[in-house]
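# got a sequence here, can you model it:
(one chain, ligands or ions: 1)
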Amino acid sequence: MGRTAETELMIEAEIRQNLDVVRGRLRDAATRADRSPANITLVAISKSQPDERITAAFAAGQRVFGESRVQEAQTHWQARRDEAGDLELHLVGPLQTNKVKDAVGLFDVIQTLDRPKLAEHLAREFDRTGLIRRCFVQINTGEEPQKAGVTPDAADGFVEMCRGLELPVEGLMCIPPADQPAPPHFALLGAIAARNGLSRLSMGMSADYEAAAELGATHVRVGTGVFGARAARH
Ligand SMILES: *Cc1c(COP(=O)(O)O)cnc(C)c1O
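Numbers count the residues shown, from 1 in each chain. Below you'll find the model as predicted:
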């Protein structure tokens, strides 16, 4: 066996094991909270990962992936998108209005709907193309000035506005402040969703996806826990 093939097999074994660990922990967390593990989708966040690691995750049966940048997602996923019918791609990073067309063309789910102007652009693009993409509204639960997302106070009005534009808002997403315990933020997200009649919650990353699953996450976004450490950002 050549060196390259051997390395590929090792990477695949590593990622298969990571996926097994994450899925097992999600099952345990679901059991603790009296929830069905089937209601928790693992979104494997492949941003900044080399292509062979994505291939390995795919070979290991993972089909739901997330990316934070439209352009990088195109290089990772455009060809795979055309090959695999059961692939589901989520955008989990900020979306500029000039990238809406590309994003709608590539992603199945936009998790970062966070302002009226973006809502209007998405509605127009869905209308124009007939590609109606599922949406999550991003909530800035920690009200951090540098972070994207609608503040908890403005959430109800924003969801209503999105519904007025006939956007298929399915749920809410949050990224809690790095320096605070995450569970209160998960609970707040759940409360905002409940009072708006939304049933889906995207919350929890590698460090805290079990807590998120116990607090009602329907989507957990796990990057390093699945793929290993990311390359540094340029
Ligand atoms: C990078 C990223 C993740 C995954 O983070 P890990 O700590 O590697 O699991 C999840 N959500 C968003 C929005 C991200 O940008």
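# okay, now whichever residue of the chain sits closest to the ligand: neighbour count?
With CB to the nearest ligand atom as the measure, G223 is the residue of the chain nearest to the ligand, at 2.7 Å. Every C-beta, even on glycine, is put in place using the N, C-alpha and C of the backbone. By the criterion of other CB atoms under 10 Å, G223 has 21 neighbours.
# again with A5
Neighbours around A5, by other CB under 10 Å: 9.
# with V100 instead?
Neighbour count of V100, defined by other CB under 10 Å: 19.
# in the helix or strand of the chain with the lowest mean pLDDT, what counts as buried?
Here the helix or strand of the chain ranked lowest by mean pLDDT, DSSP states H and E is helix 70-83, holding a mean of 91. Across helix 70-83, burial judged by 16 or more other CB atoms under 10 Å covers 70, 73-74, 76-77, 81.
# helices of the chain, residue ranges please.
In the chain, the segments counted as helices under DSSP state H are 3-32, 51-59, 70-83, 100-106, 116-129, 152-164, 183-195, 209-214, 224-227.
# residues from the protein in reach of the ligand?
Proximity of the chain to the ligand (CB under 6 Å from any ligand atom) is limited to residues 45, 47, 68, 92-93, 175, 205-206, 221-225.
# dump the residues you listed to TSV, plus pLDDT.
Output for the residues of the chain next to the ligand, formatted as TSV (pLDDT from 0 to 100):
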residue	pLDDT
I45	98
K47	96
S68	98
V92	98
G93	98
I175	98
M205	98
S206	98
R221	98
V222	98
G223	98
T224	97
G225	98
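# what's the farthest-apart pair in these?
Pairwise distances across the residues of the chain next to the ligand (CB to CB) peak at 18.0 Å, for the pair G93 and G225.
# more neighbours, those two?
The residue with more neighbours, out of G93 and G225, is G225; 20 against 17, by other CB under 10 Å.
# quick one: contacts for the more buried one?
Neighbour list for G225: 18, 21-22, 205-206, 209 [criterion: CB atoms under 8 Å, 6 or more residues apart in numbering].
# report the buried members of these.
Taking 16+ other CB under 10 Å as the criterion, what is buried in the contacts of G225 is 18, 22, 205, 209.
# between these, which is nearest T55?
Using CB to CB, N18 is the member of these that lies nearest T55, at 14.5 Å.
# against L42, how distant is that closest one?
N18 is 11 Å from L42, where distance means CB to CB, to the nearest Å.
# cool, I54 as well?
The gap separating I54 from L42 is 15 Å, by CB to CB.
# more crowded one of those two?
Neighbours were counted for I54 and for L42 using other CB under 10 Å; L42 has more, 24 against 19.
# ok, the more buried one touching V22?
Yes - at 6.2 Å, L42 and V22 qualify as touching, with contact defined as CB atoms under 8 Å.
# which neighbours do those two share?
222, 226.
# neighbours of A60, just the number please.
If you count neighbours by other CB under 10 Å, A60 ends up with 18.
# next, count neighbours for the closest residue to it other than its chain neighbours.
Spatial nearest neighbour of A60, excluding adjacent residues (CB to CB, 6 or more residues apart in numbering): R16 at 4.2 Å. For R16, the count of nearby residues is 16 (other CB under 10 Å).
# same check on Q138?
Counted with other CB under 10 Å, the neighbours of Q138 add up to 26.
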